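Engineer: next input, structure requested:
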Amino acid sequence: MSRLACDPQRLADLARILRSAQNEIELQIRLTEIGDLAIPQVHSYLQQSLNLLEHQETRVRKVLNSSFLNLTNSYSLSFNSTAYLLNRWVAHHQAWWSDATHGEQTRIDVFISTVAADPIDAGRLIDSTNFLAPLIYGSHDLGVVRTLWLSATDPQTTSVSTAGDRIKRLVETVFGDHEWHTAMAPSWVDIHEQSRLRREIREILGEIISPWQLQFSGLASEWNWSSETGVHYLKKATESADAASSISQGLGMAVYRNMSDLPNNEIERRQRIDAVAFSVGVSTELLRQAKVQQARMDSHHLATLLAIPTLVPLKLPWPSSLVINKTHSLVAGQLDTTSETEISSSLEMLQQRSALASVAYMAVFNAAITSGRLENVNDDPSAELRLELQHTVDSLDNSTARGQILADIID
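Structural biologist: Next comes the predicted model:
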């Protein structure tokens, strides 16, 4: 490990390999728990291997996130020059934003591409630059931007606090006041390219925050910000349909990861389970609201298009105008899918929460085995563990909320 620590790139590769091996063994463990395929002895060996891999991964992550690899002692001369040149160029080239909206490669594309795929250098570039906006909007090739931010916030190689620092700056820059380009002459900026950049940045943002979405609400204290602020930004992100899709797809893995490592203290375990359940409630509700809002906007746009003919002065007699207006209202009402979306999205939310409750159950059960509270998967859980597992399911798949939603739908 000491020799590997001198080569952060190999260390980051090792972390990814260890995580991949853990995922494969976890799959095999689940297979050994199914019906006739259950083989207790094989399951025990697999669990021992998984524990060993998790121990090694923990050691690797500690080194990756330690002060040994801080910026002041950077091993990479090329990285230092990239960060320096980027800051210097942006400071003396105020037209960088307009350059990025003209469809051609910019110097920022070159700067970012040199470090984008490396988790260590990508994170250091984000942390060290005085100008974060260029790392989001300054590159014409948004594939490079996506690689940069996903590398720097990957849960497999990034600590919770480090990811929090970077993602908080990211959402504040995306949704904050863009003072760095409002003063530019409009003729400098390609409006279509600017619109494309904004739209695709929102899509990328959904992928970036997806594995960390629980830290936007119930686990906000881990990032040292308020849940109100986090939920505000999460809601803004779900306004993009593609971002909302990424957030929805990543919710299961986020729940499993945050439930798999529970505190030893019983009270703290219960508090973490409740916090994750609260986060699930927030995410699923925001996703439901986003679908309803999108349907409402689509219906509004359609109604506006249908109303255009009625605004043209056709000089028709009054009765004919009334017929046209009535027909327009009837067609718009028939094509309005808002009410159907409200019902379908509510049912989808219930199904999603039920599925997530199963994921959380499995995570808490595996955490009990890892911590030694349950020695073997085939052993009967203690009364305390059974209560904890039941509480986990009840918290995520809340029967009160389920009843209220169903009552609203039937009403």
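Engineer: next structured bit after the lowest-mean-pLDDT helix or strand in the chain?
Structural biologist: Lowest mean confidence among the helices and strands of the chain (mean pLDDT, DSSP states H and E): helix 318-335, at a mean of 50. Once the chain leaves helix 318-335, the next helix or strand it forms, by DSSP states H and E, is helix 338-370.
Engineer: buried ones in that following helix?
Structural biologist: 341-342, 344-346, 348-350, 352-353, 356-357, 359-370 (16 or more other Cβ atoms under 10 Å). All C-beta spots, glycine's among them, are computed from the backbone N, C-alpha and C.
Engineer: how much does whatever helix or strand comes next after it deviate in direction from helix 338-370?
Structural biologist: Following helix 338-370 in sequence order, the next helix or strand is helix 383-396 (DSSP H and E). Calculated by axes from the mean of the first three to the mean of the last three Cα atoms, to 10 degrees, helix 383-396 forms an angle of 160 degrees with helix 338-370.
Engineer: just checking, what packs against helix 383-396?
Structural biologist: Helix 383-396 sits against helix 266-311, helix 338-370, with contacts defined as 3 or more Cβ pairs under 8 Å, 6 or more residues apart in numbering; DSSP states H and E.
Engineer: so what touches it?
Structural biologist: 255, 259, 266, 269-270, 273-274, 276-277, 280, 353, 356-358, 360-361, 364-365, 368, 373-374, 381 (Cβ atoms under 8 Å, 6 or more residues apart in numbering).
Engineer: what number of residues lie near A15?
Structural biologist: By the measure other Cβ atoms under 10 Å, the count of residues near A15 is 22.
Engineer: can you tell me how far it is from Q22?
Structural biologist: Using Cβ to Cβ, to the nearest Å, we find A15 at a distance of 11 Å from Q22.
Engineer: now do P155
Structural biologist: Where Q22 is concerned, P155 sits at a distance of 13 Å (Cβ to Cβ).
Engineer: tell me which of these two has more neighbours.
Structural biologist: Between P155 and Q22, Q22 has the larger neighbour count (other Cβ under 10 Å), namely 19 against 15.
Engineer: the more buried one contacts Q56, doesn't it?
Structural biologist: No - counting by Cβ atoms under 8 Å, Q22 stays clear of Q56, with 9.7 Å between them.
Engineer: surely W149 touches I209?
Structural biologist: No - judged on Cβ under 8 Å, W149 makes no contact with I209 at a distance of 9.9 Å.
Engineer: and I308, what's its pLDDT?
Structural biologist: According to the prediction, I308 has pLDDT 49.
Engineer: could you list the low-pLDDT ranges of the stretch 101-250 of the chain?
Structural biologist: 101-103, 177-193 (pLDDT under 70).
Engineer: ranges for the helices of it?
Structural biologist: 107-113, 119-128, 134-137, 142-152, 160-175, 179-182, 191-209, 227-238, 241-259 (DSSP state H, counting those that start in this stretch).
Engineer: in the first one, which residues are buried?
Structural biologist: When burial is assessed from 16+ other Cβ under 10 Å, helix 107-113 yields the following buried residues: R107, I108, D109, F111, I112, S113.
Engineer: which segments of this structure make up each domain?
Structural biologist: Domain assignment for the chain by automatic domain parsing gives 4-67, 74-206, 288-410.
Engineer: need the residues touching each of A15 and Q22.
Structural biologist: The contact lists of A15 and Q22 share E57, where a contact means Cβ under 8 Å, 6+ apart.
Engineer: ok, now which ones touch L132?
Structural biologist: I126, R169, L170, T173.
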